[in-house]
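Engineer: Got a sequence here, can you build the structure:
(one chain, ligands or ions: 2)
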Amino acid sequence: LNSQLSEARTTIFTVMSALAVKHGAINLGQGFPDTEGPADIVQAAADALLDNRNQYPPMTGLPELKQAVARANSRFYGLDVDPVTEIVVTSGATEALIATLAALIDPGDEVVLFEPLYDTYVPAVRLLGGIPRLVRLTPPDWVLPRAELEAAFGPRTKAVLLNSPMNPAGKVFDAEELAFIAGLLQRHDAYAVCDEVYEHLTFDGARHTPLMTLPGMRERCLRIGSAGKSFSLTGWKVGYVTAAAHLASVVAKAHQNLTFTTPPNLQRAVALGLDKDDAYFGALASELQGKRDLLAAGLEEIGFSVLPSHGSYFLIADFRGLGFTGNDVAFCEHLTEAAGVTAIPVSAFYDQPDAPDHYVRFAFCKRESVLREALDRLRAYV
Ligand code: PMP
Ligand code: GLN
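Structural biologist: Residues are numbered from 1 along each chain as shown. Ligands and ions are numbered 1, 2, ... in the order given. So this is what the prediction gives:
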């Protein structure tokens, strides 16, 4: 058996969702909306199923989806992308992450990552024989520690993995931070895997800027998007990679050996979604911002100390004000059982020892009535 996989723990999202079901708790752990995505997109997928769209689509994606991804790159970020050679459609951003890392790294190559991080990153790098070099961001603002980042780069650095907007921290990297990272990539002749699945989910006027749009970065970045997040259809697992042709062609070689293709009916429907008007994407973010505010205000009132979240589905809260003395894992288990509300311990987003253990992550991508009910339960509990 593969030692890394056989010794790996089951992902925290599965563990906490199972615990929520067991105790009938409101699940503000795993990040998925509790409403359906747009009805016209779902209908388009259903129509496509009944319209002879059930055999293998082209390996790098249906032309109509690749064209829609290229149009979206141009419309939102002014990027000029060739839909034929510079887009690869994958089965979710998760496959895109593995395929882009596989395309870049040889065993022994180093990948720079930022803690706290999404729980797929480090195992994916290690499975491919890469060596993670972790740089820790510090709450409450998760500012980029420039000297430490610089020190993490070296002769074996092949890439940095940048997640902005960031899960779980809700951080959106600003222009100066991006410019600093871009400078390091150029100096060390390295690449960036840019996990931008929350690209349309930013708040308070914070705008997402792809690293790829900075000078000199067009050929160094592999930009990942996900229909799951942009259309509130997380089960669909349709992702897309945008990268210069010489990089995308190697990503395609990884993809052909991982999943080879992605269901064609879903691709066709996502193509329709990407052409939705600005009002759709604006409402997606502003509705989510309202939910963030509702949950944050309620948690503060109950005694949590809530950190700012400028993007993603998530906010982080410090629970020490409630008087609980155990760590974050114990707190999440306790909260599920005693209050009937489930969150995710933030220490699960760390690989190095000495992770902070007094924070939990709440997902606010839920109906307002559900968020209110969760707050009522927490109020009754404290
Ligand atoms: N990256 C991040 C930062 C995520 O939070 C997620 C969560 N789903 C993914 C990637 C995976 O996206 P997908 O479901 O499209 O595989
Ligand atoms: N991205 C989701 C989260 O952070 C979880 C996805 C999963 O369960 N793998 O909650």
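
Engineer: Need the single longest helix in the chain, by residues.
Structural biologist: Longest helix in the chain, counting residues (DSSP state H): helix 278-302.

Engineer: what's near enough to touch the residue in the stretch 251-382 of the chain that ligand 2 sits nearest to?
Structural biologist: Ligand 2 sits closest to A363 of the stretch 251-382 of the chain, with a gap of 6.2 Å, by Cβ to the nearest ligand atom. (Each C-beta comes from the backbone N, C-alpha and C, glycine too.) Shown in contact with A363 (Cβ atoms under 8 Å, 6 or more residues apart in numbering): L28, G29, Q30, G31, F32, Y313, F314, I344.

Engineer: Take those and keep only those in strands.
Structural biologist: F314, I344 (DSSP state E).

Engineer: picking that back up, give me the beta-bridge partners of the residue of the stretch 251-382 of the chain closest to ligand 2?
Structural biologist: Here A363 shows beta-bridge partners F314, assigned using DSSP bridges.

Engineer: how close does it sit to C332?
Structural biologist: 13 Å (Cβ to Cβ, to the nearest Å).

Engineer: And for M59?
Structural biologist: Separation of M59 from C332 (Cβ to Cβ) stands at 41 Å.

Engineer: again, but for M212
Structural biologist: When M212 is compared with C332 (using Cβ to Cβ), they lie 36 Å apart.

Engineer: who has more neighbours, the two?
Structural biologist: C332 (28 against 24; other Cβ atoms under 10 Å).

Engineer: Look up which helix or strand the more buried one falls in, please.
Structural biologist: helix 328-334 (DSSP states H and E).

Engineer: neighbours around D141, how many?
Structural biologist: 11.

Engineer: In terms of helices and strands, where is it?
Structural biologist: For D141, there is no enclosing helix or strand under DSSP H and E.

Engineer: any idea how far it lies from ligand 1?
Structural biologist: D141 sits 19 Å away from ligand 1 when distances are taken as Cβ to the nearest ligand atom, to the nearest Å.

Engineer: Return the residues in contact with that residue.
Structural biologist: By Cβ under 8 Å, 6+ apart, the residues touching D141 are K171, P308.

Engineer: Kindly report the same for L274.
Structural biologist: L65, A68, V69, R71, A72, S230.

Engineer: Could you measure from the fifth one over to E219?
Structural biologist: Same thing as A72. 20 Å.

Engineer: on that earlier part again, against which helices or strands is the longest helix of the chain packed?
Structural biologist: Secondary-structure packing of helix 278-302 (3 or more Cβ pairs under 8 Å, 6 or more residues apart in numbering; DSSP states H and E): strand 305-306, strand 314-318, helix 368-381.

Engineer: looking at those, which is closest to R136?
Structural biologist: strand 314-318 (14.4 Å; Cβ to Cβ).

Engineer: Output the closest one as PDB, restricted to C-alpha atoms.
Structural biologist: Below are the C-alpha coordinates for strand 314-318, written out as PDB (Å, rounded to 0.1, in the frame of the first residue of the first chain):
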ATOM      1  CA  PHE A 314     -16.000  31.200   5.100                       C
ATOM      2  CA  LEU A 315     -15.200  33.200   8.200                       C
ATOM      3  CA  ILE A 316     -13.000  32.300  11.100                       C
ATOM      4  CA  ALA A 317     -14.000  32.900  14.700                       C
ATOM      5  CA  ASP A 318     -12.000  32.700  18.000                       C
END
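
Engineer: What are the contacting residues of that strand?
Structural biologist: Contacts for strand 314-318 (Cβ under 8 Å, 6+ apart): 31, 139, 167-170, 292, 295-296, 299, 304-307, 309, 343, 346, 358-364.

Engineer: circling back: who touches both of A363 and C332?
Structural biologist: With Cβ under 8 Å, 6+ apart as the test, A363 and C332 both reach G29, I344.

Engineer: list the contacts for the residue in the stretch 1-150 of the chain that ligand 1 sits nearest to?
Structural biologist: Nearest residue of the stretch 1-150 of the chain to ligand 1: G92, at 2.8 Å (Cβ to the nearest ligand atom). Residues in contact with G92 (Cβ under 8 Å, 6+ apart) are S226, G228, W236, K237, V238, G239.

Engineer: Quick check: it vs S226, distance?
Structural biologist: Relative to S226, and taking Cβ to Cβ, G92 is found at 6 Å.

Engineer: what about V135, helix or strand, and which?
Structural biologist: strand 131-136.

Engineer: so how far is that strand from its chain's centroid?
Structural biologist: 18 Å (Cα atoms, centre = their mean, to the nearest Å).

Engineer: What of stretch 214-230?
Structural biologist: Using Cα atoms, centre = their mean, the offset of stretch 214-230 from its chain centre is 13 Å.

Engineer: Pull out the buried positions in it.
Structural biologist: 214, 217, 220-230 (16 or more other Cβ atoms under 10 Å).

Engineer: Now do that stretch, average pLDDT.
Structural biologist: With pLDDT averaged residue by residue, stretch 214-230 scores 98.
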